[in-house]
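In: Only the shape, not the letters, is given here:
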């Protein structure tokens, strides 16, 4: 059965995409730690990073660095990149993915607890992130 992220990638479940390319996508986390929290997801479905094809894995650094720069430009001075690689590591969706989490204010907030977007706020964030990604 396809993962939730595969369904999002296929257009079966709605999402706010920052970018889409043939092997990777990035979309807004619906339960963000902070506003501007983005998920970087390979189109290839595998639960663990070790299952990614070598060519997909080789692209990871390029996309992660660019997405961090994008989030930094729009949302934060600092950024966490988090991989929960397996259920014991806190992975909820069994599809390899990376959390790109904006951090501001000098304090390191825990990953628990979720930010709730106000009406229209998520749309404003994705518009800003898309513009920064495309710049």
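Out: Cool, the structure landed. Remember, predicted model here, so these are calculated numbers, not experimental data.
In: can you give me the helices in this protein?
Out: Using DSSP state H, the helices of the chain run over residues 4-9, 54-74, 121-134.
In: Return the angle between stretch directions for the second one and helix 121-134.
Out: Spelled out, that is helix 54-74. 110 degrees (axes from the mean of the first three to the mean of the last three C-alpha atoms, to 10 degrees).
In: Quick check: buried residues in helix 54-74?
Out: Of all the residues in helix 54-74, those buried under the rule 16 or more other C-beta atoms under 10 Å are 56, 59-60, 63-64, 67-68, 70-72, 74. To be clear about C-beta, it is placed using only N, CA and C from the backbone, and glycine gets the same treatment.
In: Closest one of those to residue 7?
Out: residue 56 (19.1 Å; C-beta to C-beta).
In: Centroid-nearest residue for this protein?
Out: Central residue of the chain (C-alpha atoms, centre = their mean): residue 39, 0.9 Å from the mean position.
In: surely that residue meets residue 31?
Out: No - the criterion here is C-beta atoms under 8 Å, and residue 39 misses it with residue 31 at 10.4 Å.
In: Nothing else from me, thank you.
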